[in-house]
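Student: Next come a sequence and a model predicted from it.
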Amino acid sequence: MNTSSTTDTPHTKPKARRWLLTQNRQLRAEGIFNWPLPAWAGRFSDGSTYNACPEAGACAKLCYARVGTYRWPVVLAAHERNMWMTMHALDEWEAQMAEELRHRRYRGKWIRLHDSGDFHSDEYLQAWLRIMRNAPADTWFYCYTKSVSRFRRLVEPNPPGNFLWCYSLGGKEDFLLDLESDRHADV
């Protein structure tokens with residue numbers, strides 16, 4: 001006679017969902033989610049290199065994201081994982097990000113792109129523009145960027161309605177900014 005039942009089997013806890021977008025304590029208090037990349041440049045474990053901030057200038061030496069909690073091994077590994085996806089699996093990352101943004105947790109929320117890192121390639125920025133255009137209407141995006149020429153070519157002619165950006169001084173392309181008319185920050 002078989003006396004086993006489903007109550008006799010050990011309960012396995014469902015695997016926790018791994019979100020692409022994160023929150024630190026400060027952003028959580030404001031209801032903002034974040035997509036971080038590593039600060040400036042580095043080397044993946046396979047020996048290949050990356051530059052998450054190709055337009056960084058003087059700011060690279062003073063970058064807040066090159067010290068403190070950003071350098072903790074678990075934090076840096078997560079940021080480098082994000083960078084690797086955007087460099088080596090961009091289509092898969094884009095599909096995963098677009099799907100994630102349909103979740104109810106992002107309704108009425110802001111997404112900050114890059115509290116560390118920046119738009120490191122045209123393809124990466126174009127993926128974000130597609131994601132923004134297809135995101136739910138009540139999800140908004142913002143960033144600070146030093147990628148002035150890239151934004152002039154790819155964003156300014158036809159920006160998504162749910163996207164705000166601010167140029168950040170300290171990069172190699174500061175000379176392209178009109179400090180009288182371009183929205184900018186000097187951190």
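Tutor: Sure, I can see it. Every value quoted in this text rests on a predicted model; they were computed, and no experiment measured them.

Student: Enumerate every residue touching the residue most central in space within the chain.
Tutor: When C-alpha atoms, centre = their mean is applied to the chain, the residue found nearest the centroid is residue 35 (2.7 Å). Contact partners of residue 35, counting by C-beta atoms under 8 Å, 6 or more residues apart in numbering, are 20-22, 82, 97, 111-114. Placement of C-beta: from N, CA and C, glycine included.

Student: which residues does it bridge with?
Tutor: For residue 35, the residues forming beta bridges with it (DSSP bridges) are residue 113.

Student: thinking again about what came up before, rebuild the contacts of residue 35 as CSV, extending it with neighbour count, distance to residue 49 and pLDDT.
Tutor: Rendered in CSV, the data for the contacts of residue 35 read as follows (neighbours: other C-beta atoms under 10 Å; distance: C-beta to C-beta, whole Å; pLDDT from 0 to 100):
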residue, neighbour count, distance to residue 49, pLDDT
20, 15, 23, 95
21, 20, 26, 95
22, 16, 24, 89
82, 21, 16, 96
97, 20, 24, 98
111, 23, 27, 97
112, 18, 26, 96
113, 23, 22, 97
114, 23, 19, 92
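
Student: Many thanks, have a good one.
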